[in-house]
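Chemist: Provide a 3D model corresponding to the input given below.
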Amino acid sequence: MELTDLRGRIDEIDTQLAQLFKQRMDIARQVAEQKAKTGKQVLDPSRERQVLSRVSDLVGEDYESYARLLWNTLFDVSRSSQRRALAQDTPLKEHIAKALQDTPALFPKKAVVAVQGVEGAYSQQACDKLFALPSILYFNQFEGVFQAVEKGLCPYGILPIENSSAGSVTQVYDLMKQYHFHIVRSIKLKVDHALLVNPGAALSDIKEVCSHSQGLNQCTRFLKEHPEIKITVMENTAAAARYVAESGRKDIAAISSLNCARLYGLTPILENFQDSDHNYTRFICIGKNLEIFPGSDKISLMLTLPHEPGSLHGLIARFAALGLNLTKLESRPIPGKDFEFMFYFDFSGSFQEQAVLDMVSTLCRDLPSCTFLGAYSEVF
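Modeler: Predicted structure coming up:
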């Protein structure tokens, strides 16, 4: 047969497959309705194993692995369709619907905002970009920001969550498991580090460099070139700049921002010396109440999965079936539980799509632990 004849035959088979696929999906929904009446779960592992075994025998050894891949995909999309068909009103769905209705049309210009660090911190710079007229309360630790928001001391808080060079801020992720909050907005801030010293000091004088661990991690090239310099970790890049200024010493420098140089009367002897010119830190703005502002197109979840093979694959398949793009997947160990993890998901999606709302609400209903963190937009 010629190539055109072979392709014509494939087109005929594809037409048959498409028709049979639709029939299979229709019947799968009927199966879901029957399961719902009897209280059975959508997932039936023993039934799926039986189908895989039978299909493997039908196609033979040459195509067995391909058939298993195809049918596992069919199982994934069938379960997604079944769950969507059985989607019911849940407390979370009602909570989200109320937030969509009650949230103001515009993000606030004025607010009391909790920020970790001191004046000049990158978190403060992110806060100033999000709010036109913020009243800032500073806290020594990230936990203080979570506590201030949870207790209602501040309606909003700003937290760094990841850096394009140094990775995730793990301490913030670990604290997320302990506090009640919602993400209402996020921002990517360009971070350019400078090496700040007291006036009159030179690079050859420096015996110690201090900064936040993320700032140090973002300038490893410089630190490796100067192994003789002592490294001191501080709670914040701005706090490091203030410490250098208050010390009056000529042998100490801070990795911080040019803004802190002006603020604390320091001299930059190196500018933009971080490892990457493309150095961004992503900050989240958290609030105690769920607010979903117009244009929100990013959704965050925190969840645990059954400790069994295929559970993560099955979860990701639920996003893939709806064509949703996962933009971040972070895992953190659960204290006291060996080899069990909490997963943090960011994905692109909007609750203006009913299918997205159904999926999130059923996820948080079906999983052993699932927390909806917020729906929000990201600004630059």
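Chemist: Name the nearest residue to residue 200, ignoring sequence neighbours.
Modeler: residue 250 (6.4 Å; CB to CB, 6 or more residues apart in numbering). C-betas here are computed from N, CA, C, even on glycine.
Chemist: again with residue 311
Modeler: Distances taken as CB to CB, 6+ apart put residue 305 closest to residue 311, at 4.2 Å, once the chain neighbours are dropped.
Chemist: The stretch 51-200 of the chain: strands as residue ranges?
Modeler: Using DSSP state E, counting those that start in this stretch, the strands of the stretch 51-200 of the chain run over residues 110-116, 133-139, 156-163, 167-168, 182-190, 194-197.
Chemist: Comparing those, which yields the minimum mean pLDDT?
Modeler: Here the lowest mean pLDDT among the strands of the stretch 51-200 of the chain goes to strand 167-168, at a mean of 87.
Chemist: Parallel or antiparallel, list what pairs with that one.
Modeler: Partners of strand 167-168 in the sheet, by DSSP bridges, are strand 156-163 (antiparallel).
Chemist: Report the distance from the partner strand to the chain centre.
Modeler: Relative to its parent chain, strand 156-163 has a centroid offset of 11 Å by CA atoms, centre = their mean, to the nearest Å.
Chemist: Render the CA-only coordinates of that strand in PDB, please.
Modeler: Presented in PDB, the C-alpha positions along strand 156-163 are these (Å, rounded to 0.1, in the frame of the first residue of the first chain):
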ATOM      1  CA  TYR A 156      -2.400  41.600  54.900                       C
ATOM      2  CA  GLY A 157       1.200  40.300  55.000                       C
ATOM      3  CA  ILE A 158       4.000  40.000  52.500                       C
ATOM      4  CA  LEU A 159       6.200  36.900  52.300                       C
ATOM      5  CA  PRO A 160       9.000  35.800  49.900                       C
ATOM      6  CA  ILE A 161       8.300  32.400  48.600                       C
ATOM      7  CA  GLU A 162      10.900  31.600  45.900                       C
ATOM      8  CA  ASN A 163      13.800  33.000  44.000                       C
END
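Chemist: Which residues are in contact with the nearest residue to residue 266 once chain neighbours are set aside?
Modeler: For residue 266, ignoring the flanking residues on the chain, the nearest one in space by CB to CB, 6+ apart is residue 196 at 4.0 Å. By CB atoms under 8 Å, 6 or more residues apart in numbering, the contact set of residue 196 is 241, 244, 253-256, 260-261, 264, 266-269.
Chemist: Likewise for residue 344?
Modeler: Residues counted as contacts of residue 344 (CB under 8 Å, 6+ apart) are 173, 176, 300, 301, 302, 328, 329, 330, 331, 332.
Chemist: any idea of the pLDDT on residue 20?
Modeler: pLDDT, residue 20: 96.
Chemist: Report how many residues lie close to it.
Modeler: Residues lying near residue 20 (other CB atoms under 10 Å) number 10.
Chemist: and it, how far is that from residue 62?
Modeler: Remark: distance between residue 20 and residue 62 (CB to CB, to the nearest Å) = 22 Å.
Chemist: And the helices in this protein, which stretches?
Modeler: 3-38, 45-59, 64-85, 91-102, 122-130, 142-150, 170-176, 213-217, 220-225, 237-247, 258-264, 311-321, 354-366 (DSSP state H).
Chemist: okay, and for the stretch 1-150 of the chain, where does confidence drop off?
Modeler: 87 (pLDDT under 70).
Chemist: how does it look with 90?
Modeler: Scanning the stretch 1-150 of the chain with the threshold set as pLDDT under 90 gives 1-2, 29, 31-48, 69, 72-73, 75-91.
Chemist: and the nearest residue to residue 164 once chain neighbours are set aside, what are its bridge partners?
Modeler: Leaving aside its sequence neighbours, residue 164 sits nearest to residue 280 (CB to CB, 6+ apart; 4.6 Å). For residue 280, the beta-bridge partners are residue 190 (DSSP bridges).
Chemist: looking at it, residue 280 is touching residue 188, isn't it?
Modeler: Yes. Judged on CB atoms under 8 Å, residue 280 makes contact with residue 188 at a distance of 4.8 Å.
Chemist: end-to-end on stretch 254-273?
Modeler: Start-to-end span of stretch 254-273 (CA to CA, to the nearest Å) is 12 Å.
Chemist: ugh, wrong one, I meant stretch 36-44
Modeler: 13 Å.
Chemist: Report the buried residues of that stretch.
Modeler: Across stretch 36-44, burial judged by 16 or more other CB atoms under 10 Å covers residue 42.
Chemist: Give me the contacts around it.
Modeler: With CB under 8 Å, 6+ apart as the test, stretch 36-44 has contacts from 32, 35, 79, 82, 83, 86, 314.
Chemist: same thing but at 10 Å, please
Modeler: Stretch 36-44 is contacted from outside by 28, 31-32, 34-35, 50-51, 75, 78-83, 85-86, 88, 314, 362, 366, using CB atoms under 10 Å, 6 or more residues apart in numbering.
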